[in-house]
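**Q** Fold the following, please.
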Amino acid sequence: TAAGARMSGVAIYRSVYTEEQFARRFGGSTAEEKASQVARRRCPCSGNAGNAGKRFWMKRLPFLTWLPRYKLRRWLIGDIIAGLTVGIIHIPQGMSFALLTSVAPIYGLYTSFFPVVLYMLFGTGRHVSTGTFAGISLMTGSVVERLVPHQVGWNTTNQEDPELEKQRISVASAVTFLSGLMMICMFVLQLGFLSTYLSDPIVKAFTSGTAFHVTISQLNTMLGLRLPRFTGPFTLFKTLASLLGALSMTNIVELIISLICLGVLIPMKEINSRFRQKFRTPIPIEIIMLIVATAVTFATSLDKRCNVQIVGHIPAGFPSPQMPALGSIPSLIGDTVAITFVGYAVSVSLAMIYADKHRYTIDPNQELLAHGISNTISSLFTCFPSSASLATSNILESAGSHTQLAGVFTCLVVLVVLLLIGPLFYFLPKAVLACINITSLRQMFLQFQDLPELWRVSRMDFMVWMVTWLAVITLNADLGLAVGVVFSMMTVIYRTQRADCSMLGRASNTEIYRPVGENSMCHEIPGLKILAYNAPIYYGNKNFFRDAMSKLIGLTQEKVKARAKAKRKMEKINKMTITTIENGLPRPACSSDKDTSPAGSQQERIQSVVIDCSSIIFIDTAGARLFVQMCMDCQKADLWVYLAECNKEVLKVLTCSGLLDHLRPEQIFVTVHDAVVYLEQVKEASTQKSTTIWV
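**A** You can find the predicted model right below:
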C-alpha cells in the first residue's frame, strides 16, 4: 500500500556545536567530582566494603556461587549421565594420549583425574571437560624425547626401563609445573587478554596441523615398528621418511589389529556423530575396544608369539606426591611458553563457545588461575600438561551437562579404574591406543570444511589459516604457532597501514555523509573537501596518511610554497583588512565571485577541509606531530582545516602535540554536519555582505 511504502522521517532542529560549546553545555562530571566518586567506591567505611571479602572468595572459588543455586531435580540427572559418559571416554583417551607424551599409559589416567577435580573447584566454564589434549600431549612429548630419548632397537623388550620411565615423567611433570606457574603469574598480572592474540583461524589451523602430526607419529605403533621419534623442524617429513625406509619390517599382526580397530572405530564414531540427538549418550566404542583387544591378546598370547607391543604393568592406587625434575626447567622455558599459550587459548576458546551458547559468562583471568592451579598441583602427582579437550567437551555438552558437578562423576569413573580395574589392561596392545588417538582427531580434520566459508567471509583470515597450517605442518607445532601469530599481527599492521582515505559527499537533503566513490547519489560540496581516514594514525602508517590526504586535496610542497608566497603578497596589499568574527566563530575568507553551482564545483578552489576523525581510534606522538604539520601546511596553502567527531583520547594527544597553536577550539566540531552547516552559513553570509572593514 501507499501508506506502507511511505518512509519514516526525522526532523531535528538544534544549534551548531563545536566540541568546546558541547562540553560546556552537556559536559559530564568535573575532575574533582570523578575523584570523589572513586574515593567513595574505595573507601573502607562505605556500605559495600562489608561484602568485599565475600565477593572476593566467591569470585576466586566459583563453586561457592553455582553450588548453592544448584537445581537438584532439573540438573542432577543430566550431570550424572554426562559425567559418567565423559569418564568412560577419558580412560582410553588418557591412556592413548600418554603415548603421545612419550610416558606410560598410567600417567594419562592420572592426568584425567587430578586436573578435572581442581578445575571443577576453580573454573568458570560449566561445559568444559579438562584433561588430556592431543596438541598439548604432542608438544610435551617432543620436549620429553629431546631430553630423554627412547631406546631404539629391534631387540628391546616391550617394557621400558623403570629408571628411564621415571626420568621421562619427571621431565613431563616439570613442564606441567612450569606451565602452571606461568599461568598463575599471568593471573596475578591480569593477562587474560593475551589469549586474544591467538585468533580463531590460528587455533583451528594449529589444531588441524597437529592432527596430521599426531596421525603420522602413531603410524609406527600401528605398524609395529620401533623407530626413533624426531623433534625440531621438518619432524613430519623425517618421520615419513623413516617409516618408508622401515616398511619391510612391519609386524603383520599389529597391522591387522590396527586395521580392525580403524574399521570398527571410524564407522561407530560417525554413527555417534550423526545420531547424537537421538542417543542420550554416545556408544562407548573406545572402552569396548579396549576390553575386547585386551581379552583377545591375553587369550592368544600375542605379545609372546607375535611380538605385539602391549601396555604392560599399570599400578593400582594413587601416585605418591613428588617434586618434578626442577633442574631441567631452564631447558624447558621456551617450549613451555608455547604449551602454556596453546593450552590456555584452546581452553578459553572452548569455554567462551559454550558460554555464548548457554548464555552465561566466563572470567578469562579466573580461567588462568584455574588452569594454573590445576597444572601446578597435578605436576606433584606425576601428571603431564592438561587443558580443555575438544572431543570430551563436545560429548559433555551434548550428553546434557548443566554445571561443573559433572566433573565429580567423571572423576568417579577414572577413580574406579585407578584403584581396581587398571592392572587388568596389562595385555592391551599399544596399536589399539594408537588407533584411538587417530580416530579422536575427527573434529580437527573436519575443520577443513570451514575453509570455503572463511574464504567468502574474509580472504585475510583465510590466508592466516593457511599460513599457520602450512607452518605447523612444515616446521613443528610450536614454531608453526609462532609463525601464525606473527603473520596474523602482520596482517593487522598491513590493514592499518593501507587503510583508505576517502572523500565524503552529502546525500541530498540529509545530514548523511558517505564516500563519493561508492555512492553515486552523494555529492561533494563546492569549495569544501570532507576527508575520512579509516584507521588509527601511528608511526607505522603516518606517511601513508600524509600521502593519501595530500593527494585528495591536491596539497604538494610546491603548491604550499606558491600559495604561501601569494598569501604574503596579498597581506601586504590588504594589510588594513580586519577579519570579523560572528557568533564567536572565525569566518574564513570566502570568495563570492566563484561559481557555486554543482556544475562548477570542480573548478571552484578548495577553501576549507573537514577531517572526519570518527574512525581514528587512536593516534601516537609521531602521528600527532605529522597531523599538526599537515594542518600547518594547509594554513600555508590558505586552506582552513576543521576537525569533526574526534574521540577524547585522540583530541587529548593532538592538543598536547600543539594542535591548538594552529587551530582554534572553534574549528573542532561535534559532527561533520555541524562543520558543514557552519561553513555553508558563513559562505551564504559572505555573499550578502562584506566581511571586511576598511580603515
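
**Q** Only C-alpha atoms from now on, for both contacts and neighbour counts.
**A** Noted.

**Q** how about stretch 456-473: buried residues?
**A** Neighbour counts over stretch 456-473 (16 or more other C-alpha atoms under 10 Å) mark 461-473 as buried.

**Q** likewise stretch 72-86?
**A** For stretch 72-86, burial by neighbour count (16+ other C-alpha under 10 Å) applies to W75, L76, G78, D79, I80, I81, A82, G83, L84, T85, V86.

**Q** now stretch 471-489
**A** If you call a residue buried by 16+ other C-alpha under 10 Å, then stretch 471-489 has these buried ones: 471-485, 487-488.

**Q** And the buried residues of stretch 456-473, which is closest to Q607?
**A** Of all the buried residues of stretch 456-473, Q607 sits closest to D461, with 42.2 Å by C-alpha to C-alpha.

**Q** Please tell me how far the closest one sits from F487.
**A** Note on D461: its distance to F487, by C-alpha to C-alpha, to the nearest Å, is 11 Å.

**Q** next one: F409
**A** Per C-alpha to C-alpha, F409 is found 43 Å from F487.

**Q** Extract the C-alpha set from whichever strand or helix holds W57 and format it as CSV.
**A** Applying DSSP states H and E as the criterion places W57 in helix 52-60. Once non-C-alpha atoms are left out, helix 52-60 reads as follows in CSV (Å, rounded to 0.1, in the frame of the first residue of the first chain):
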residue,chain,number,x,y,z
ALA,A,52,34.2,-7.2,49.7
GLY,A,53,35.6,-10.3,51.3
LYS,A,54,32.6,-12.4,50.4
ARG,A,55,32.7,-11.2,46.8
PHE,A,56,36.4,-11.9,46.6
TRP,A,57,36.1,-15.6,47.7
MET,A,58,33.0,-16.2,45.6
LYS,A,59,34.9,-14.9,42.6
ARG,A,60,38.0,-16.9,43.3
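
**Q** packing partners for the next helix or strand after that helix?
**A** Per DSSP H and E, helix 52-60 leads on to helix 63-66 as the next helix or strand towards the C-terminus. Packing partners of helix 63-66 (3 or more C-alpha pairs under 8 Å, 6 or more residues apart in numbering; DSSP states H and E): helix 52-60, helix 114-122.

**Q** Of all those helices, which one comes closest to V337?
**A** Comparing the helices and strands packed on helix 63-66 by C-alpha to C-alpha, helix 114-122 comes nearest, at 19.3 Å.

**Q** What pairs with the helix or strand following the closest one, parallel or antiparallel?
**A** Next helix or strand after helix 114-122 toward the C-terminus (DSSP H and E): strand 130-131. Within its sheet, and counting by DSSP bridges, strand 130-131 is paired with strand 387-388 (antiparallel).

**Q** could you say what helices and strands the lengthiest helix in the chain packs with?
**A** As assigned by DSSP state H, the longest helix anywhere in the chain is helix 72-100. In terms of contacts (3+ C-alpha pairs under 8 Å, 6+ apart), helix 72-100 is packed against helix 105-111, helix 134-147, helix 285-300, helix 390-398, helix 406-416, helix 430-439.

**Q** if you set the cut-off to 6 Å instead, what comes out?
**A** Counting contacts by 3 or more C-alpha pairs under 6 Å, 6 or more residues apart in numbering; DSSP states H and E, helix 72-100 is packed against helix 105-111, helix 134-147, helix 406-416.

**Q** So which of the buried residues of stretch 456-473 is the closest to S301?
**A** Comparing these against S301 with C-alpha to C-alpha places I473 closest, at 38.8 Å.

**Q** angle of the longest helix of the chain against helix 406-416?
**A** Here the directions of helix 72-100 and helix 406-416 differ by 50 degrees (axes from the mean of the first three to the mean of the last three C-alpha atoms, to 10 degrees).

**Q** Give me the nearest residue to A507, chain neighbours excluded.
**A** C522 (4.4 Å; C-alpha to C-alpha, 6 or more residues apart in numbering).

**Q** How many neighbouring residues does that neighbour have?
**A** 19 (other C-alpha atoms under 10 Å).

**Q** which regions of the stretch 501-650 of the chain lie under the pLDDT threshold?
**A** 564, 567, 574-604 (pLDDT under 70).

**Q** Local confidence estimate at V413?
**A** Per-residue pLDDT puts V413 at 93.

**Q** Could you report the neighbour count for the closest residue to it other than its chain neighbours?
**A** What sits nearest to V413 in space, not counting adjacent residues and going by C-alpha to C-alpha, 6+ apart, is G87, at 5.3 Å. Per other C-alpha under 10 Å, the neighbour tally for G87 reads 28.

**Q** so how far is S387 from G87?
**A** Separation of G87 from S387 (C-alpha to C-alpha): 16 Å.

**Q** how close does G94 get to N541?
**A** Look at G94 and N541: by C-alpha to C-alpha, they are 50 Å apart.

**Q** The two: who's more crowded?
**A** More crowded of G94 and N541, by other C-alpha under 10 Å: G94, with 26 against 20.

**Q** Quick check: closest non-adjacent residue to that one.
**A** Of all residues not flanking G94 in the chain, G108 sits nearest, at 4.2 Å (C-alpha to C-alpha, 6+ apart).

**Q** Hmm, M95 and the one you found touching each other?
**A** Yes. Counting by C-alpha atoms under 6 Å, G108 touches M95, with 4.9 Å between them.

**Q** Apart from its chain neighbours, what residue comes closest to S393?
**A** Of all residues beyond its chain neighbours, the one nearest S393 is S129 (4.7 Å), with distances taken as C-alpha to C-alpha, 6+ apart.

**Q** Report the contact partners of the one you found.
**A** Neighbouring residues of S129 by C-alpha atoms under 6 Å, 6 or more residues apart in numbering: A388, T392, S393.

**Q** Please pick the buried ones from these.
**A** For the contacts of S129, a neighbour count by 16+ other C-alpha under 10 Å gives the buried set as A388, T392, S393.

**Q** Between the residues you listed, which sits nearest L368?
**A** For the buried ones among the contacts of S129, the nearest to L368 is A388 (12.3 Å; C-alpha to C-alpha).

**Q** from what I can see that closest one touches S349, true?
**A** No. Look at A388 against S349 with C-alpha under 6 Å: they stay out of range, at 9.3 Å.

**Q** residue boundaries of the helices in the stretch 201-350 of the chain?
**A** With helices called from DSSP state H, counting those that start in this stretch, the stretch 201-350 of the chain shows them at 235-245, 252-274, 285-300, 302-305, 333-358.
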